[in-house]
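**Q** attaching a predicted model along with its sequence, questions to come.
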Amino acid sequence: MTTAALTWFARHEIRLAWREWLAMMTAGRRRRRRATIIGLLVFAALLHVPAYAIIGRYATLQAPLDTSALIILTATIFLAWTLMLSQAIESVTRVFYARADLDLIMSSPVALTHVFSVRLAAIALSVTAMAMLLATPFVDVLMFGGGFRWLAAYGVVVAIGLSAAAVAIAVTITLFRLIGPRRTRLVAQILAAIIGAGFVIALQVAAILSYGTLSRFAVLTSDTARAFAPDADSLIWWPARAALGDGEALLLMLACGLLLLGTVMAAFSGGFADTAVRASTGTASTRRNSHLAIFHSGSRQQALRRKEIMLLRRDPWLVSQSLMQLLYLVPPALLLWRSFSDSSVAIVLITPVIVMAAGQLAGGLGWLTISGEDAPDLVASGPLPPSRIIRAKIEVVLIVIGALFTPLVVALLFASPQQAAVTAVGVAVAAASATAIQLWFRAQARRSQFRRRQTSSRLATFAEAFSSIGWAATAALALVTPVAALVTGAMTAAILAATWKLSPRRD
Amino acid sequence: MASDQSALELRGLTKRFDRLAVDALDLTIRTGEFYALLGPNGAGKTTTLRMVAGLLRPDAGSVAIMGVDALKDPVAAKQITAWVSDEPMIYDKLTPLEYLEFIAGLWGIEPSVAEPSARELLTSLSLEANMHERCEGFSKGMRQKVALAGALVHGPRLIILDEPLTGLDAVSARHVKGLLGERVRSGCTVIMTTHILEVAERMADRIGVISSGRLVAEGTLAELRQQNGKNDTSLEDMFIALVDCEAAAA
């Protein structure tokens, strides 16, 4: 393959990636493009406000930094890297399972190693581009407050983007070879969820265990962290130095990122085709259940519920999301455990976290069961009125939420029966509200289209988020100042009423 | 063997989308009959069958399945009907046996009846070795066979098939045709759309040709030949002549 042909293929890959992203943002509707672009620009502009609040005070930082500042800056860069790695694993997995052009590429008269090297590079580019977009408000804030030297931060983003993509490709392909395509899909999604949330949660857990606070900065600025920190000229601080405008450190980071990606491309592009073909056919490691399926007796609704629960249990997205929700519950649960003995008011914090998690999870579950039906004709042609089909699906959402959150409420019961009662009501109301929103905005789709659910109706997405936040705040206030809870409760109910009013007409 | 009792009776069935898809269609299919509904793309075949299966509500007209008014009592009508679309809609994360278990449960079939029937169906469709594998890695033909087994597992009296042989290899197509033939011999009624005219010619007791939402010809192969005035002509030639004639009239 000539250099010109490689460039042409790279352009083709970038165009595909751009169109996939655009389709995801606009839910495949061309008319939404302008509105989406305007929305994104407004969002990017608004993002400068929290960016200023978070890192505005660090804009005047100058090298050499003291150890605490070096630790915080390095930890922030590492956090960004873990988030990029999480995103990159998700992207690589998606490329393996979703691309339909493998036959065309493999039957074309080109060297597959070259073609797939370009494809791997395109993955790295798209991950880095997304990171650059998200980093822009933060770098802007630093630049406005501290000068153009902060432009070097973009270089750091590129370097860590390249290395995150390289690690993601290596991890995913290794997983393919070790555990086969079907398990890789599940494991990769779980890995992405754990890596994305893991670092922040680990810092919070350490802060709770050591200092009784949820603030992760408590660990980073502690004497212990300073005592264990390496010398100022250590390689560990080079990313922080690069971000501050140290040209030598920045060049080294970029060179390392490129070298890592180049090595991964050289090592894996040859086998990429085989891996991708195995993933797309999915036959190589099809698991055979050793036990025989048993036909159950029961009502028609029970048959529907059984089917939905079985599909939810086997849904990789749901497994990874549930795991992430549970991970996010670890810090407040630890806080609960610590506060139990000294009756600290910090225990109140756990209620909004649980209520919020229940609302969010119910929204996802609601979409999967109500809208994400892979055999709509089959279910519709069954001898069951539509109302009973919907009811069975709603019951499944509530059963799963109940099964996941009842143990937490029961644990809370031992600490404070009143808080347990408020939490239980909050979970029920938040889950019911999120499910109702999914019901009002239901639109037939395949389960595999889950990633697009949040763009199919912006109104439903925002309503679901505001409803969960509103009920979480109401539950927290009900424990502290019940009168205020009446106000937030009424506001959340009003949001739901307005959402229902604006929802598409239903028979 | 077909009896005089009607399994399906459509009267004045009408459906309009952007244009008229089905135009006051009258159609009667007798119990135990294998009926092939032919027509060019966009003729209204699938829309008609979707209305019969209760997946689309007609704008006007009536649908009676084994004497049950499908519009007034859709649940009773669906209980005795099965629908298979050209795009097999199955659950990737279920095994064929789990899929059939779900359908048997949805139709309220006793497990003691459903389980042996499901295994027998999967075996007769050469899916015995795959019955415990999830459907996600299946070819289109295998998926179509699973969907077909799903349609038969609850013992329907009327089977509606929209292009059921699409994607099947020759051996699988023969299995499916054999299975459908058996069902018809046991008193079941089958209505099927197909673009493979040879299948209609060989299997169907009667053939209906639909064009622009209207039935333009109907009868046994011999009757159609008689209507056409040529005793040695093939169904393909007759079909093309009828469709061309309708297109010219339109």
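**A** Happy to help now that I have it.

**Q** C-alpha only now, for contacts and for neighbours.
**A** Fine.

**Q** and the residue nearest the centre of the chain?
**A** Assuming you mean chain A. Centroid-nearest residue in chain A: residue A:193, 6.3 Å away (criterion: C-alpha atoms, centre = their mean).

**Q** if you could check chain B rather than the one you did, that'd help
**A** In chain B, the residue lying closest to the centroid (C-alpha atoms, centre = their mean) is residue B:161, at 2.2 Å.

**Q** list the contacts of it.
**A** B:83-86, B:190-193 (C-alpha atoms under 8 Å, 6 or more residues apart in numbering or on different chains).

**Q** please redo it, this time with the cut-off set to 6 Å
**A** B:83-84, B:192 (C-alpha atoms under 6 Å, 6 or more residues apart in numbering or on different chains).

**Q** got CSV for the residues you listed, with pLDDT, secondary structure and neighbour count too?
**A** Putting the contacts of residue B:161 into CSV (pLDDT from 0 to 100; DSSP: H, G, I helix; E, B strand; the rest coil; neighbours: other C-alpha atoms under 10 Å in any protein chain shown) gives the following:
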residue, pLDDT, secondary structure, neighbour count
B:83, 92, strand, 27
B:84, 90, strand, 27
B:192, 93, strand, 23
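
**Q** sorry, back to before: can you confirm the residue nearest to the centre of chain A is in a helix?
**A** Yes - the assignment for residue A:193 is a helix, going by DSSP: H, G, I helix; E, B strand; the rest coil.

**Q** about what we covered before: now the one helix or strand the residue nearest to the centre of chain B maps to, how far from the centre of its chain.
**A** Element membership for residue B:161 (DSSP states H and E) is strand B:158-162. Its chain's average C-alpha position is 2 Å from that of strand B:158-162, according to C-alpha atoms, centre = their mean, to the nearest Å.

**Q** list the strands paired with that strand, with their directions.
**A** Strand pairing for strand B:158-162, using DSSP bridges, gives strand B:81-84 (parallel), strand B:189-193 (parallel).

**Q** re the thing from before, bridged to the residue nearest to the centre of chain B, which residues?
**A** Counting by DSSP bridges, residue B:161 is bridged to residue B:84, residue B:192.

**Q** can you redo the contacts of residue B:161 as JSON lines with distance to residue A:113?
**A** Formatted as JSON lines, the contacts of residue B:161 follow (distance: C-alpha to C-alpha, whole Å):
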{"residue": "B:83", "distance to residue A:113": "47"}
{"residue": "B:84", "distance to residue A:113": "43"}
{"residue": "B:192", "distance to residue A:113": "48"}
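
**Q** of the residues you listed, closest to chain A?
**A** Checking the contacts of residue B:161 against chain A with C-alpha to the nearest C-alpha, the nearest one is residue B:83 at 7.0 Å.

**Q** so what's residue B:8 closest to, chain neighbours aside?
**A** Among residues not flanking residue B:8 along the chain, residue B:65 sits closest, at 4.7 Å (C-alpha to C-alpha, 6 or more residues apart in numbering or on different chains).

**Q** where in chain B is pLDDT low?
**A** Applying pLDDT under 70 to chain B flags the ranges B:1-4, B:230-231, B:247-250.

**Q** show me which residues of it sit near chain A.
**A** Chain B comes close to chain A at residues B:75, B:78-79, B:89-90, B:101-102, B:105-106, B:108, B:111, B:132-133, B:137, as judged by C-alpha under 6 Å from any C-alpha of the partner chain.

**Q** domain-wise, how is the chain divided?
**A** Using chain A. Listed domain ranges for chain A are A:47-281, A:300-502 (source: automatic domain parsing).

**Q** could you do chain B instead?
**A** B:6-80+B:156-249, B:91-155.

**Q** about what we covered before: export the strands paired with strand B:158-162 to TSV and tack on distance to residue B:182?
**A** Below are these laid out as TSV (distance: least, C-alpha to C-alpha, whole Å):
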stretch	distance to residue B:182
strand B:81-84	16
strand B:189-193	11
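
**Q** the helix or strand hosting residue A:420 - contacts with which helices or strands?
**A** Using DSSP H and E, residue A:420 sits within helix A:417-440. In terms of contact count using 3 or more C-alpha pairs under 6 Å, 6 or more residues apart in numbering or on different chains; DSSP states H and E, helix A:417-440 is assigned the packing partners helix A:350-366, helix A:386-415, helix A:458-480.

**Q** other residues contacting that helix?
**A** If you take C-alpha under 6 Å, 6+ apart as the criterion, helix A:417-440 is touched by A:351, A:355, A:358-359, A:362-363, A:366-367, A:409, A:412-413, A:464, A:468, A:471, A:475, A:503.

**Q** now, of the residues you listed, which are buried?
**A** When the contacts of helix A:417-440 are checked for burial by 16 or more other C-alpha atoms under 10 Å in any protein chain shown, the buried set is A:351, A:355, A:358-359, A:362-363, A:366-367, A:409, A:412, A:464, A:468, A:471, A:475, A:503.

**Q** need the max-distance pair from those.
**A** Largest separation among those by C-alpha to C-alpha: A:412 and A:503, giving 36.5 Å.

**Q** where exactly do the helices run in the stretch 151-300 of chain A?
**A** Under the criterion DSSP state H, counting those that start in this stretch, the stretch 151-300 of chain A contains helices at A:152-179, A:181-211, A:217-220, A:223-228, A:238-243, A:247-281, A:300-313.

**Q** who does the second one touch, helix- and strand-wise?
**A** The reference is to helix A:181-211. Contacts defined by 3+ C-alpha pairs under 6 Å, 6+ apart place helix A:181-211 against helix A:67-98, helix A:316-342.

**Q** give the rounded mean pLDDT of the first one.
**A** Okay, so that is helix A:67-98. Mean pLDDT, helix A:67-98: 81.

**Q** so is it next to chain B?
**A** No - using C-alpha under 6 Å from any C-alpha, helix A:67-98 stays clear of chain B, coming no nearer than 11.8 Å.

**Q** how many residues are close by the residue of the stretch 201-350 of chain A found nearest chain B?
**A** Relative to chain B, the nearest point of the stretch 201-350 of chain A is residue A:300 (4.5 Å; C-alpha to the nearest C-alpha). Under the neighbour criterion other C-alpha atoms under 10 Å in any protein chain shown, residue A:300 is assigned a count of 23.

**Q** grab the nearest non-local neighbour of it.
**A** Once flanking residues are discounted, residue A:300 sits nearest to residue B:106: 4.5 Å by C-alpha to C-alpha, 6+ apart.

**Q** against residue A:389, how distant is the one you found?
**A** Applying C-alpha to C-alpha, to the nearest Å, the value for residue B:106 to residue A:389 is 10 Å.

**Q** which residues touch residue A:390?
**A** Contacts of residue A:390 by C-alpha under 6 Å, 6+ apart: none found.

**Q** how close does it get to chain B?
**A** Distance, residue A:390 to chain B, using C-alpha to the nearest C-alpha, to the nearest Å: 14 Å.

**Q** give me the distance between that residue and residue A:302.
**A** Using C-alpha to C-alpha, residue A:390 is found at 13 Å from residue A:302.

**Q** helices along chain B, start to end?
**A** B:45-52, B:74-79, B:96-106, B:111-124, B:140-152, B:170-185, B:197-203, B:221-228, B:235-249 (DSSP state H).

**Q** in CSV: those helices, plus distance to residue A:62 and mean neighbour count.
**A** What follows is the helices of chain B, written out as CSV (distance: least, C-alpha to C-alpha, whole Å; neighbours: other C-alpha atoms under 10 Å in any protein chain shown):
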stretch, distance to residue A:62, mean neighbour count
helix B:45-52, 71, 23
helix B:74-79, 75, 21
helix B:96-106, 64, 26
helix B:111-124, 73, 18
helix B:140-152, 63, 24
helix B:170-185, 74, 17
helix B:197-203, 81, 16
helix B:221-228, 91, 16
helix B:235-249, 81, 14
